[in-house]
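A.B. asks: Here is a sequence with its predicted model. Questions after.
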Amino acid sequence: MARTREPGSMSRRTLLLGTAAAGALTVAGTAGCSRVPSGDALARLKSQGTVRLGIAGEVPYGYVDEQGEFTGEAPELAKVIFKRLGIDRVQPVATDFASLIPGLNSQQFDVVSAGMYINKERCQQVIFSDPEYQMLDSFIVRKGNPKNLRSYEDVVKKKARFSTGTGYAEIGYAIAAGIPEKDIVILRDQVAGLNAVESGRVDVFAGTALTTREVVRKSTKAEATEPFAAVVDGEKQVDGGGFAFRPTDTELRDAFNVEIHKMKKSGELFRILQPFGFTKDEMTTLTAEELCR
């Protein structure tokens with residue numbers, strides 16, 4: 001049985017692309033923002049006609065593209081759902097990933113729309129929608145996978161040079177498998193990971209199945225391994241990402257869940273996520289309750 005959790009206090013996310021644009025957007029998004037009253041958040045947002053979405057400038061989850069447009073799987077999903085809830089305008093508020101939950105709870109924005117992994121630690125601070133996707137891990141390796149690295153345990157056995165990204169949950173998974181923390185090469189993101197593998201500085205870069213397969217798409221020197229579940233304390237890890245809401249905003253979260261479940265049933269959810277690299281294998285029936293345990 002797969003258990004869905006993130007070991008330790010590691011967050012999966014780090015800023016990947018669009019940092020400069022996101023920084024500029026933060027100023028625009030927060031200027032003039034005032035603290036909002038408590039109460040029925042859904043009714044208040046309908047009255048305002050605007051919902052402020054916290055994003056972290058990360059492709060493909062929530063970012064500003066090269067044309068300066070606000071996009072990503074979570075924002076595009078948010079645009080559809082909030083319109084159906086009677087809220088026509090979505091306003092992005094960009095920040096670094098570690099500031100998303102504090103920013104939500106200090107009312108800098110109304111919802112976190114960043115495909116955030118749902119885990120027990122975060123569930124003590126916010127409430128989550130049911131996840132829009134589930135995710136396994138994958139490795140970036142040299143073409144042909146010469147060391148045959150398909151799991152963290154393989155890295156240990158082959159004494160391969162291992163790397164992953166800043167703040168990634170894969171750090172915890174690697175340590176749990178027996179890779180010494182001092183031997184882990186921490187890189188900025190999956191693009192830096194691809195470069196390190198291509199140049200031979202490391203043998204493997206660990207990331208999510210989605211980010212690894214997207215970054216190697218045009219590479220002639222590297223490839224992504226088949227997705228796999230990390231094993232921690234004998235249990236397989238399957239992560240899921242969803243929208244985060246303030247603990248007092250249960251009506252808003254529940255209304256959001258009603259819409260996302262309709263979209264799962266009709267197939268509309270997959271049609272929205274597919275252009276951002278998601279596959280049918282990453283659609284999920286997991287619930288926030290399961291992931292919070």
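C.D. replies: Arrived safely. Nothing here was measured: the structure is a model prediction, and the numbers come from that model.
A.B. asks: use CA for all of it now, contacts and neighbours both
C.D. replies: Noted.
A.B. asks: how about the strands in the stretch 51-200 of the chain?
C.D. replies: Taking DSSP state E, counting those that start in this stretch as the test, the strands found in the stretch 51-200 of the chain are 63-64, 70-71, 89-94, 111-117, 127-128, 133-135, 137-142, 162-165, 185-187.
A.B. asks: Using a markdown table, please lay out these together with mean pLDDT and mean neighbour count.
C.D. replies: As requested, those are exported to a markdown table (pLDDT from 0 to 100; neighbours: other CA atoms under 10 Å):
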| stretch | mean pLDDT | mean neighbour count |
| --- | --- | --- |
| strand 63-64 | 84 | 26 |
| strand 70-71 | 90 | 20 |
| strand 89-94 | 93 | 23 |
| strand 111-117 | 92 | 27 |
| strand 127-128 | 98 | 26 |
| strand 133-135 | 96 | 22 |
| strand 137-142 | 98 | 28 |
| strand 162-165 | 96 | 26 |
| strand 185-187 | 96 | 18 |
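A.B. asks: would CSV of those strands with distance to Ile55 be doable?
C.D. replies: Formatted as CSV, the strands of the stretch 51-200 of the chain follow (distance: least, CA to CA, whole Å):
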stretch, distance to Ile55
strand 63-64, 7
strand 70-71, 10
strand 89-94, 5
strand 111-117, 5
strand 127-128, 15
strand 133-135, 17
strand 137-142, 23
strand 162-165, 19
strand 185-187, 22
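A.B. asks: Nearest to Glu290, out of these?
C.D. replies: Closest of those to Glu290 is strand 127-128, at 11.2 Å (criterion: CA to CA).
A.B. asks: Other residues contacting that closest one?
C.D. replies: 118, 242-247, 250, 253, 288 (CA atoms under 8 Å, 6 or more residues apart in numbering).
A.B. asks: Which of the residues you listed fall in strands?
C.D. replies: Mapping these onto strands (DSSP state E) picks out 242-245.
A.B. asks: ok, back up a step: state the pair within the contacts of strand 127-128 that is farthest apart.
C.D. replies: Across these, the longest distance by CA to CA is 16.4 Å; it joins Ile118 and Thr250.
A.B. asks: Between those two, which is the more surrounded one?
C.D. replies: Ile118 (30 against 17; other CA atoms under 10 Å).
A.B. asks: so who does the more buried one touch?
C.D. replies: Going by CA under 8 Å, 6+ apart, Ile118 touches 5, 128, 131, 239-242, 288, 291-292.
A.B. asks: Just the ones of those in helices?
C.D. replies: Using DSSP state H to define helices, the subset of those located there is 288, 291.
A.B. asks: Restrict the contacts of Ile118 to the buried ones and give me that as a ChimeraX selection.
C.D. replies: Per 16 or more other CA atoms under 10 Å, the buried members of the contacts of Ile118 correspond to this ChimeraX selection:
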select :5,128,131,239,240,241,242,288,291,292
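A.B. asks: Adding distance to Val80 as columns, could you present the contacts of Ile118 in TSV?
C.D. replies: Shown next, in TSV, are the contacts of Ile118 (distance: CA to CA, whole Å):
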residue	distance to Val80
Arg5	28
Phe128	18
Pro131	16
Asp239	24
Gly240	20
Gly241	18
Gly242	15
Ala288	21
Leu291	25
Cys292	26
